[in-house]
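Asks: this is a predicted model, with the sequence first.
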Amino acid sequence: MTTLNEIVEQISSEVKQNDVAVAAAADMEVLEAVNMAISRNIASFSLFDEEAKLKAMMSEHFPHLLNHPKVRLINVKGAAQAANAAVKSVFVKDSNVLMKGHIPTAVLLKAVLNDEYGLRTGNILSHVAAFEVAGFDRLIFITDAGMNITPDLMQKAQIIRNAVQVARSVGVDTPVVAPLAAVEVVNPAMQATLDSAALTAMNKRGQITDCIVDGPLALDNAISAIAAEHKGITGTTAGNADILVVPNIESGNILYKSLVYFAKAKVGGVIAGAKAPIVLTSRADSAESKLYSLALAIKSSAIE
C-alpha cells in the first residue's frame, strides 16, 4: 500500500470484525473520528463514559449513532473507570484496539500497565507514525516521536521491532530501516552514530529480524537515492528507507511536525508494543488523521 487511504479501503473490504474500545468517549473530536470510521465501515465501537453525557452529545451532534448497531455505550464514572473498563475490554478480547478519548494520557497508560488486566508484554511501548508524503512512492514510517525520551541501544532495537511489525501489517514485507544521525560515518563523539552502527550489526547477526537495517545515515541519504549517490553511498538500501528511527524524542517531534505543517503530509499514528495497538489522538489532529490512525491500529492489531 502506498497511500493511507488504501489502508482504509482494504479494511472496509475485509470480512473481519474489528472493535475499538474508547476510553472517555464523550468528546466532539473523538465522536467525529468514530463517525468517520463507521461511515467508512472499518470498525464498531465500544464507548466508555457517563452514559447520560454521551447520549446528550450524540443526540445533538451525531443522532444517527444512537442505537447504531456498530456503537455500544458502556456507562462508567470518571476518567479512571473509563480507562480501566476500556483496557479490560481489550484484555478479554471483546475489543482489539484501544483508543484514548477525553482523558489524560497518564491515566490511560496507568490502566494499560496494570499488572492484573493491563496490556503490557514486557516490551517497551513506542509511537509509530505512517506518513504519506507528496512525491514518494511509499509510506514513510517515523519512530519514536512520542513515547521514549532518550532511548538506549536495546530500547532502540525494540522500537525498530515495533515499527517493523506495523510496517509489515500494511504490506511492507521487508522494510528498510534507517537509524538516523547527523553524519554517515561512526563518530565516537556522536552517540547516535554508535547506536546506528550497533543496530546494523544486530540486524546482520539475526538479533533484529524481518527487515534490513542500514546506518548511520543522515536524513537525506536515507530517503533520497540521488543524495546518497552524491555522497558515494551505494547499495540497494541507500535512499530507500521505509522506517526512519530518530535518536531522541526532540528530533522525532520536530521531524514529525515538519512533515505535517511544512510538507502538508498525511499521517496516521499508533502506539505499538502492547498486547493491542493504542490510538492516542490529539485535538490538533485533523479528522482525516484520526481516521488513518484508527486504520493503522486496526491493521496492526492482526499481528499483535
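Replies: Okay, I see it. Numbers count the residues shown, from 1 in each chain.

Asks: which residues does the most centrally placed residue in the chain contact?
Replies: The chain has Val270 as the residue nearest its centroid, 1.9 Å off, counting by Cα atoms, centre = their mean. By Cβ atoms under 8 Å, 6 or more residues apart in numbering, Val270 lies in contact with 127-128, 166, 277-279, 293, 296-297, 300. Quick note: C-beta positions are derived from backbone N, CA and C, even for glycine.

Asks: where's it relative to Ala263, distance?
Replies: Val270 sits 20 Å away from Ala263, going by Cβ to Cβ, to the nearest Å.

Asks: list the buried residues of the helix or strand of the chain with the lowest mean pLDDT.
Replies: Least confident element among the helices and strands of the chain, by mean pLDDT, DSSP states H and E: helix 225-230 (a mean of 89). Neighbour-count burial for helix 225-230, counted by 16 or more other Cβ atoms under 10 Å, picks out 227-228.

Asks: centre of the chain to that helix, how far?
Replies: 29 Å (Cα atoms, centre = their mean, to the nearest Å).

Asks: contacts for the next helix-or-strand element following it, please.
Replies: Heading C-terminal from helix 225-230, the first helix or strand you meet, by DSSP states H and E, is strand 243-245. Contacts of strand 243-245 with the rest of the structure, by Cβ under 8 Å, 6+ apart, involve 140-144, 156, 159-160, 163-164, 167, 175-180, 199, 211, 215, 219, 222-223, 255.

Asks: now do stretch 144-160
Replies: 123-129, 143, 177, 179, 195, 198-199, 202, 207-208, 211, 213, 243, 245-246, 248-249, 252-253, 255-256, 269, 271, 273, 280.

Asks: let's have the contacts of Val270 in JSON lines, adding distance to Asn35 and neighbour count.
Replies: Formatted as JSON lines, the contacts of Val270 follow (distance: Cβ to Cβ, whole Å; neighbours: other Cβ atoms under 10 Å):
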{"residue": "His127", "distance to Asn35": "25", "neighbour count": "24"}
{"residue": "Val128", "distance to Asn35": "25", "neighbour count": "29"}
{"residue": "Val166", "distance to Asn35": "25", "neighbour count": "28"}
{"residue": "Pro277", "distance to Asn35": "21", "neighbour count": "32"}
{"residue": "Ile278", "distance to Asn35": "21", "neighbour count": "26"}
{"residue": "Val279", "distance to Asn35": "15", "neighbour count": "24"}
{"residue": "Ser293", "distance to Asn35": "15", "neighbour count": "29"}
{"residue": "Leu296", "distance to Asn35": "18", "neighbour count": "30"}
{"residue": "Ala297", "distance to Asn35": "17", "neighbour count": "30"}
{"residue": "Ser300", "distance to Asn35": "22", "neighbour count": "23"}
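
Asks: a markdown table please, covering these and showing distance to Pro69, secondary structure and pLDDT.
Replies: As requested, the contacts of Val270 are exported to a markdown table (distance: Cβ to Cβ, whole Å; DSSP: H, G, I helix; E, B strand; the rest coil; pLDDT from 0 to 100):
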| residue | distance to Pro69 | secondary structure | pLDDT |
| --- | --- | --- | --- |
| His127 | 33 | strand | 96 |
| Val128 | 31 | strand | 97 |
| Val166 | 30 | helix | 97 |
| Pro277 | 24 | coil | 95 |
| Ile278 | 25 | strand | 96 |
| Val279 | 22 | strand | 95 |
| Ser293 | 24 | helix | 95 |
| Leu296 | 25 | helix | 96 |
| Ala297 | 22 | helix | 96 |
| Ser300 | 25 | helix | 92 |
